[in-house]
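Undergrad: Could you look at this predicted model? Sequence included:
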Amino acid sequence: MEKIKLPAALMLLAACGMGTGALAANGQRPNVIIILADDVGYGDVSCNGSKTISTPNVDRLAAEGVRFTNAHTTAATSTPARYSLLTGQYPWRKKGTGVATGDAGMIISPGQYTIADMFKGLGYATGVIGKWHLGLGETGKQDWNGVITPYIDQIGFDYSYIIPATGDRVPCVWVSQGRVVGLDPADPISVSYTTPFPGEPTGKDNPELLRLKPSYTHDNAIVNGISRIGYMKGGKAALWVDEQIGDVITEKSVAFIDRNAKKPFFLYLCTHDIHVPRVPNPRFVGKSGMGARGDAILEFDYTVGKVLDALDRNGLSKNTIVILSSDNGPVTDDGYQDGAITMLGNHKPWWIYRGGKYSIYEAGTRVPMIVRWGAQIKKPMVQDALVCQVDILASLASLMGVEIPQNGAPDSRNSLATLLGRSKSGREYVVEQNSQGTLSILMPDGWKYIEPSTSTKVRSAFTGVEYGNSPEPQLYMVLKDPGETTDLASSNPEKVRALAAKLQQIQASPYTGGKN
């Protein structure tokens with residue numbers, strides 16, 4: 001790995017004797033890998049206490065790093081949570097950050113500062129592999145048969161091998177460096193999110209062609225015997241094989257590590273597991289005893305293991321920061337009849353918390369999170385401090401000695417000491433949102449305020465998850481009542497007023513440039 005002059009933050013760690021090891025001796029910047037799972041709940045990994053699932057590779061990370069019990073995303077759905085992680089900005093500050101369709105335009109604008117920009121500016125190799133779900137090109141105008149522009153190379157990623165949106169949305173193809181992989185020019189791709197293509201079968205009209213039937217809404221274009229959201233025709237040679245998605249993401253990630261082993265790199269690795277459709281590789285089928293959802297968790301854990309093995313093989317484990325988390329909380333039935341509910345047994349993906357994906361309650365945004373850095377974290381520890389993924393950008397910027405540009409990462413705070421287990425002091429607050437845009441504010445002392453909502457949706461008719469919307473404000477003491485069973489708003493009007501005012505102040509606050 002090439003040697004680069006260390007920034008002040010790294011020199012300070014070395015001067016303090018905080019596990020300097022090869023870092024200080026070789027004068028190397030650390031590599032950084034963010035492994036972001038999809039829909040994996042707090043209770044879906046065994047290191048968080050679950051006895052109904054085994055995730056030995058995730059557990060290995062926890063045994064060598066800092067495991068967080070109070071880590072949060074900014075949103076209970078994929079697109080806004082991912083937006084915040086990459087930009088350091090709450091999604092409600094920018095219009096158009098809701099769950100993206102497969103033909104959505106780029107939500108992160110070219111020129112908007114990202115964590116990839118930061119690392120690219122330091123001379124790192126930067127890559128994104130796996131599920132993207134933040135839009136490409138211009139809405140509905142993507143050239144799936146040529147070069148997609150604007151593309152994510154304009155927001156800091158030199159290398160990409162991605163699923164454009166989600167596994168249950170068309171187009172069902174891989175995109176690398178702005179082009180669909182393996183496309184036959186004689187069989188061009190067409191995509192629509194409004195109108196079916198004549199002659200193309202759909203799950204709604206041709207259920208006899210399906211090997212995995214939808215439970216709701218996922219009844220449009222059929223790809224590999226599975227109906228999706230949206231309509232697509234053409235591109236037969238480029239279509240992914242669902243059972244191979246996990247392996248492709250794993251292989252491309254390992255290859256990226258191997259290829260860049262001699263220089264600093266940043267890898268944003270986004271697994272498709274355990275998002276629907278859950279079609280794990282046959283070698284995992286039946287191994288969890290919980291059907292496809294449980295088997296997909298095992299496939300996710302396999303990916304983690306292969307990445308850790310690649311770091312070991314290249315001698316990079318000590319000086320690579322690995323951050324593992326999930327984009328939002330868990331969901332069981334999310335559109336397909338895959339036995340996720342009937343085969344759940346005693347497993348509790350949401351653990352002791354209320355809600356799940358889409359919800360403003362804790363299980364929607366409280367997620368697994370582990371940080372490992374062999375050169376600095378010498379023994380495993382459990383961190384109970386309040387942390388949020390939105391702070392990853394500013395924390396790593398501080399470590400690297402990077403000054404965040406004006407108006408960049410406005411909501412990201414330097415939580416480096418907390419992430420490395422050096423401090424038990426957590427965030428001052430975390431603002432979160434559900435799928436309808438209802439906001440909550442969670443304080444480090446456990447008080448949680450949920451703003452009144454104009455939405456009349458209380459519970460999803462499809463997933464069964466409580467959204468948490470109410471015309472009245474809600475107040476919970478999460479430390480004493482993690483299941484949010486008792487609304488304390490009526491008996492604590494002063495606390496309600498104080499937290500409501502705090503939330504309004506945050507919403508109205510100007511950009512801070514990533515500074516406290």
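TA: Cool, got the structure. Numbering: from 1, shown residues only.

Undergrad: got any ranges where the protein has weak pLDDT?
TA: Scanning the chain for pLDDT under 70 picks out 1-27, 510-516.

Undergrad: hmm, try it at 80
TA: Confidence mapping of the chain against pLDDT under 80 gives the ranges 1-27, 461-462, 510-516.

Undergrad: mind giving me the domain split of it?
TA: According to automatic domain parsing, the chain comprises the domains 29-183+236-349+362-419, 434-508.

Undergrad: Report the separation between the residue nearest in space to the middle of the chain and Asp44.
TA: The centroid of the chain falls nearest to Asp327 when counting by C-alpha atoms, centre = their mean (2.8 Å). Applying C-beta to C-beta, to the nearest Å, one obtains 13 Å for the distance of Asp327 from Asp44. Bear in mind the C-beta positions are built from the backbone N, C-alpha and C, glycine included.

Undergrad: swap in Leu61?
TA: Look at Leu61 and Asp44: by C-beta to C-beta, they are 14 Å apart.

Undergrad: And these two? Which one has more around it.
TA: Using other C-beta atoms under 10 Å as the criterion, Leu61 and Asp44 rank with Asp44 on top: 31 against 26.

Undergrad: With Asn328 as the reference, measure out to the closest residue to the more buried one other than its chain neighbours.
TA: Sequence neighbours aside, Pro349 is the residue nearest to Asp44 in space, at 5.0 Å (criterion: C-beta to C-beta, 6 or more residues apart in numbering). Pro349 sits 12 Å away from Asn328 when distances are taken as C-beta to C-beta.

Undergrad: and the two? which has more neighbours close in?
TA: The residue with more neighbours, out of Pro349 and Asn328, is Asn328; 33 against 29, by other C-beta under 10 Å.

Undergrad: hang on, the earlier thing: tell me the most buried of the domains of the chain?
TA: Comparing these by mean neighbour count (mean count of other C-beta atoms under 10 Å), domain 29-183+236-349+362-419 comes out on top with a mean of 22.

Undergrad: Gly96 contacts Met106, correct?
TA: No: using C-beta atoms under 8 Å, Gly96 is not in contact with Met106, being 10.0 Å away.

Undergrad: Which residue, other than its chain neighbours, is closest to Arg259?
TA: Closest residue to Arg259 apart from its sequence neighbours, by C-beta to C-beta, 6+ apart: Ala125 at 7.9 Å.

Undergrad: Identify the bridge partners of the one you found.
TA: Phe265 (DSSP bridges).

Undergrad: Now do the contacts for Ala340.
TA: Applying C-beta atoms under 8 Å, 6 or more residues apart in numbering to Ala340 gives the contacts 278, 290-293, 332-334.

Undergrad: same deal with Asp258?
TA: Residues near Asp258 by C-beta under 8 Å, 6+ apart: 310, 314.

Undergrad: State the three-state secondary structure for it.
TA: Taken by DSSP: H, G, I helix; E, B strand; the rest coil, the conformation at Asp258 corresponds to helix.

Undergrad: where's it relative to Lys131, distance?
TA: Taking C-beta to C-beta, one finds Asp258 at 22 Å from Lys131.

Undergrad: Next: Ile274.
TA: 11 Å.

Undergrad: anything in contact with each of the two?
TA: Asp38.

Undergrad: nearest residue to Ser160 other than its sequence neighbours?
TA: Val128 (5.1 Å).

Undergrad: Pretty sure Val58 sits in a helix.
TA: Yes: under three-state DSSP, Val58 sits within a helix.

Undergrad: ok, now which ones touch the residue nearest to it when sequence neighbours are not counted?
TA: Nearest residue to Val58, sequence neighbours excluded (C-beta to C-beta, 6+ apart): Val45, at 4.8 Å. Neighbour list for Val45: 53, 55, 58-59, 297, 301, 368 [criterion: C-beta under 8 Å, 6+ apart].

Undergrad: right, and the residue nearest to Asp44 touches Thr52 too?
TA: No: between Pro349 and Thr52 there is no contact under C-beta under 8 Å: 9.6 Å.

Undergrad: Mind listing the shared neighbours of these two?
TA: With C-beta under 8 Å, 6+ apart, Pro349 and Thr52 have no common neighbours.

Undergrad: So Ile107 versus Ala100, what's the distance?
TA: Taking C-beta to C-beta, one finds Ile107 at 6 Å from Ala100.

Undergrad: Also Ile352?
TA: Ile352 sits at a distance of 31 Å from Ala100 (criterion: C-beta to C-beta).

Undergrad: got it, and Lys318?
TA: Taken as C-beta to C-beta, the span from Lys318 to Ala100 is 37 Å.

Undergrad: before we move on, what about Val331?
TA: 17 Å.

Undergrad: Among the contacts of Ala340, name the ones in helices.
TA: Within the contacts of Ala340, residues falling in helices by DSSP state H are 291-293.

Undergrad: between those, which is closest to Gln28?
TA: The nearest member of these to Gln28, counting by C-beta to C-beta, is Arg293 at 40.1 Å.

Undergrad: tell me which residues form a beta bridge with Val173?
TA: In beta-bridge terms (that is, DSSP bridges), Val173 pairs with Leu239.

Undergrad: I'd guessed it sits against Lys236; true?
TA: No: using C-beta under 8 Å, Val173 makes no contact with Lys236, being 10.2 Å away.

Undergrad: Mutual contacts of the two, please.
TA: What both Val173 and Lys236 touch, as defined by C-beta under 8 Å, 6+ apart, is an empty set.

Undergrad: distance between the ends of stretch 400-419?
TA: Distance across stretch 400-419, first residue to last, is 15 Å (C-alpha to C-alpha, to the nearest Å).

Undergrad: Distance from the chain centre to that stretch, please.
TA: Centre-to-centre, stretch 400-419 and its host chain are 19 Å apart (C-alpha atoms, centre = their mean, to the nearest Å).

Undergrad: In a helix, Lys120, correct?
TA: Yes: counting by three-state DSSP, Lys120 is located in a helix.

Undergrad: tell me the contacts of it?
TA: Applying C-beta under 8 Å, 6+ apart to Lys120 gives the contacts 126, 156-158.

Undergrad: Looking at the residues you listed, which are in strands?
TA: Taking DSSP state E, the ones among the contacts of Lys120 that sit in strands are Thr126.

Undergrad: The contacts of Lys120: which two are farthest apart?
TA: Between any two of the contacts of Lys120 (C-beta to C-beta), the greatest distance is 8.0 Å, for Gly156 and Asp158.

Undergrad: any residues in contact with both of the two?
TA: Joint contacts of Gly156 and Asp158 (C-beta under 8 Å, 6+ apart) are 120, 126.
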